[in-house]
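no FASTA, just this:
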């Protein structure tokens, strides 16, 4: 009887973990707002390591494919853009992805797509190049 209860309990734990992972993948469909700031330094200090594998923009929605270590806590992301724009053709706006891991010490490799509405990063009358810290290519945001 004890073995049956133990196996049943372990089965419930495994199912709960699987449901938790599915819920984490579903949250990627949420489109997050962005922040404009004069100072990246405070955001950079709060962020933990994240690999940005790909960045695609369509209709002012930036989708970032990221990977990071975790799996035990809920992770939050913010996209912060500089209020200061470099005058060039097209203008360039620096942006940074801020990753809040909530003290997650787990080591599972998580792959996630995160969506941001980057309309606030547009530049009046012109396309703008988004220079994402930690990502090799610039991202063109159409006017």
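Happy to help now that I have it. Computed from a predicted model, the values in this text were never measured in an experiment. Residues are numbered from 1 along each chain as shown.

okay, CA-based contacts and neighbour counts for the rest of this
OK.

wouldn't residue 61 be in contact with residue 116 here?
Yes. The pair residue 61 / residue 116 is scored as a contact, 5.5 Å apart, by Cα atoms under 8 Å.

residues contacting residue 33?
By Cα atoms under 8 Å, 6 or more residues apart in numbering, residue 33 lies in contact with 79, 116-118.

all helices for the protein, in order.
2-26, 41-46 (DSSP state H).

in the sheet, who's paired with the residue lying closest to residue 121 once chain neighbours are set aside?
Of all residues not flanking residue 121 in the chain, residue 81 sits nearest, at 6.8 Å (Cα to Cα, 6 or more residues apart in numbering). Residue 81 forms beta bridges with residue 36, residue 95, as assigned by DSSP bridges.

from residue 75, how far off is residue 81?
Look at residue 81 and residue 75: by Cα to Cα, to the nearest Å, they are 20 Å apart.

between these two, who's got more neighbours?
residue 81 (25 against 15; other Cα atoms under 10 Å).

surely that one meets residue 94?
Yes. If you go by Cα under 8 Å, residue 81 and residue 94 touch, sitting 5.9 Å apart.

low-confidence ranges in the chain?
Confidence mapping of the chain against pLDDT under 70 gives the ranges 1-28.

residues near residue 112, how many?
By other Cα under 10 Å, 19 other residues sit near residue 112.

so which residues of this structure form strands?
31-32, 35-37, 51-58, 61-70, 76-86, 92-100, 108-117, 128-132, 139-141 (DSSP state E).

out of those strands, flag the one nearest residue 44.
strand 92-100 (6.7 Å; Cα to Cα).

give me the contacts around that closest one.
Here strand 92-100 makes contact (Cα under 8 Å, 6+ apart) with 40, 43-44, 46-50, 75-86, 121, 128-133.

next up, the contacts around residue 72.
104-106.

how close does it get to residue 66?
17 Å.

same deal with residue 129?
20 Å.

who's more crowded, the two?
Taking neighbours as other Cα under 10 Å, residue 129 and residue 66 compare with residue 129 leading, 24 against 16.
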